[in-house]
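Student: Sequence first, predicted coordinates after that:
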Amino acid sequence: MTRRGRGAHVQIDALSHRYRRGSGPVLADVSLEIAPGSRVALIGRSGCGKSTLLHLIAGLATPTLGAIHIDGRRVTGPDPSRVVMFQEPCLLPWLTAARNVGLGLSFLGRREGRKEKIAALLDLVGLSAFADRNAQDLSGGQQQRVALARALAVEPDLLMLDEPFSALDALTRAALQRDVRAIAERLGLTLILVTHDIAEAVALCDRAVVLAGEPGRIVADLTFDLPADRSPLDPRFAEARARLYAALAGDLAPPEAATEASPPTPSVRPVPVERSFSHA
Amino acid sequence: MTALALPAAARPAPLALRRGAMRVVLIAAGLGVIGLAWWLGAAAVAANPRTSAFADFAPGPTFARFWLMLASGEAWAMTAPSLNRILHGLAIAIAIGVPVGILIGASPSVRTATNLPFQILRMVSPLAWMPIAVLAFRSWDEAIIFLIAVAAVWPVLFATAAGYRRINPAWLRMSRNLGARPPHLLWFVILPAILPDVLTGIRLAVGIAWVVLVPAEFLGVTSGLGYAINDARDTLEYDRLAATVLLIGLIGFALDLLCQEAQARASWIREP
């Protein structure tokens, strides 16, 4: 836990994707740069291709056109340096919480310090008391916490969340959002969150990339400057949420308006992706 | 109201006790009925002058001979070669059935291609292979092990293939994401996931193999439980014959209990 790693630098260039030859495209001409250690939400309604984009970054699928580079290396397949937390916790039901956390370490053949590392991670996600409990005997929120610890065990530079809290109740979700944000900040991880929940995007991230249309394109790119605690009672939180809502609402307009690069609502200023990040 | 005043833990105990006692009574009754039928049958055989030569298979002489067989080590001497053959046959059946079952479970094309031939082969009595086994193998022992393996491979294979359905594709995706390579997927995900089903298959296989063993041991060999049955018939020792039958039943029962215990320990599946 002492590692204060530099997060991954993600570059996506002119990416287009279709599931198979002949089917319609799901993503068209997506270009995006994500700074090391930043926290970005990919937000949009169902079918906009946000989950597909995440799976492409994870290397679980290969883009039809264009390329994704992470820290200058082209993504060609899955790699433990970038880990996805899925909507389902996907714990192995025959293992205890601790053994589930250690799963990635087994794949990588890392044995020394394994026990201590698992204990520290369970402590980090607040599940020390549940180390020896079977995965099936944990609540939904606890299972997602184990999945988080399991993802962190392989020391990724990039943590990707694919709507991981959508099956949880509101309070459990809020607690997990707060903890994930704090942990990512502490470890210096780059975080990419896929969600359709505006409050979740604002609670976890500093930047929101809005995807819309079929095929999905980036229609807006917003940044929020909020204090770290992200209290929903803070008026700035409400303001950020309203800005993001307006950007998303552009997608509700007639199709010809929605396909324009800048949404029609005047209160929204799309942020051009112009910043460049030196990571040498 | 007085019932409520009793300590909560004190009340269920007599009920559990009564259920336990009832169980013992029922088990004793079941054994009693079959013992009585055995005794009556033997008495009828003894009473008939045409069959009285077989009267030694009655419970009395059988149990006397059974204890004698146990005490002299004869029981173990006839059982050990049989167990050895069963274990070899099962090992071969598992070594073939599990990998092929995984292949069938994982690949729809393999499943389609193998379904018809396997379904047909499965319905052939293992004993029908006996002449071929005798031709194909040099020793009688090998021929018997082959017959046991042929009998045992099907339940293992089909149970493994069915167990593959328990694997959540998301487990494989998650594991790949964490850096798993195919051998890792096999060892950490696929094998533990299908283990309960494989053990179910093995338990079925043990049952079938044990049934096939005795007729298979009628072949050339001069050891084992099947041979002991044949030998007792030839020497007209009907008490020994009945005691061997009893031994076969008891050992088969014990093997099944072992399998059941292994199943209970290895299963991760929660009953709803």
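Tutor: That came in fine, so what should we check first?
Student: neighbours of the residue of the stretch 151-280 of chain A found nearest chain B, just the number please.
Tutor: Across the stretch 151-280 of chain A, no residue is closer to chain B than residue A:154, which sits at 5.8 Å (C-beta to the nearest C-beta). Quick note: C-beta positions are derived from backbone N, CA and C, even for glycine. By the criterion of other C-beta atoms under 10 Å in any protein chain shown, residue A:154 has 20 neighbours.
Student: Likewise for residue B:62?
Tutor: Residues near residue B:62, counting by other C-beta under 10 Å: 22.
Student: roughly how far apart are the spatially most central residue of chain B and chain A?
Tutor: The centroid of chain B falls nearest to residue B:207 when counting by C-alpha atoms, centre = their mean (2.6 Å). Distance of residue B:207 to chain A, computed by C-beta to the nearest C-beta, to the nearest Å: 26 Å.
Student: Surely that residue forms part of a strand?
Tutor: No: under DSSP: H, G, I helix; E, B strand; the rest coil, residue B:207 sits outside any strand and is assigned helix.
Student: ok, the residue nearest to residue B:134 when sequence neighbours are not counted - contacts?
Tutor: Spatial nearest neighbour of residue B:134, chain neighbours left out: residue B:143 (5.4 Å); criterion: C-beta to C-beta, 6 or more residues apart in numbering or on different chains. Shown in contact with residue B:143 (C-beta atoms under 8 Å, 6 or more residues apart in numbering or on different chains): B:130, B:133, B:134, B:136, B:137, B:216, B:219, B:220.
Student: Kindly give the local confidence score, pLDDT, for the nearest residue to the residue nearest to the centre of chain B once chain neighbours are set aside.
Tutor: Of all residues not flanking residue B:207 in the chain, residue B:256 sits nearest, at 6.4 Å (C-beta to C-beta, 6+ apart). pLDDT for residue B:256: 96.
Student: Next: the one 5 residues further on.
Tutor: Residue B:261 is assigned a predicted lDDT (pLDDT) of 94.
Student: roughly how far out does the helix or strand containing residue A:53 sit from the chain middle?
Tutor: Per DSSP states H and E: residue A:53 is located in helix A:50-58. Relative to its chain's centre, helix A:50-58 lies at 10 Å (C-alpha atoms, centre = their mean, to the nearest Å).
Student: Does the residue nearest to the centre of chain B touch residue B:253 like I think?
Tutor: No: counting by C-beta atoms under 8 Å, residue B:207 stays clear of residue B:253, with 10.3 Å between them.
Student: Could you tell me how far the residue of the stretch 151-280 of chain A closest to chain B is located from residue A:186?
Tutor: 17 Å (C-beta to C-beta, to the nearest Å).
Student: Then residue B:204?
Tutor: Noted for residue B:204: a distance of 53 Å to residue A:186, by C-beta to C-beta.
Student: Settle it for me: which of those two has more neighbours?
Tutor: residue B:204 (18 against 11).
Student: Okay, the more buried one and residue B:210: tell me how far apart.
Tutor: In terms of C-beta to C-beta, residue B:204 sits 11 Å off from residue B:210.
Student: what stretches of the stretch 1-150 of chain A score poorly on pLDDT?
Tutor: A:1-6 (pLDDT under 70).
Student: If we use 80, what do you get?
Tutor: A:1-6, A:20-24, A:47 (pLDDT under 80).
Student: what residues does it put near chain B?
Tutor: Residues of the stretch 1-150 of chain A lying close to chain B (C-beta under 8 Å from any C-beta of the partner chain) are A:58, A:60, A:78-80, A:83-84, A:86, A:88, A:90, A:92-94, A:103-104, A:106-108, A:134, A:136, A:150.
Student: Give me the subset of the residues you listed lying in helices.
Tutor: Mapping these onto helices (DSSP state H) picks out A:58, A:103, A:104, A:106, A:107, A:108, A:150.
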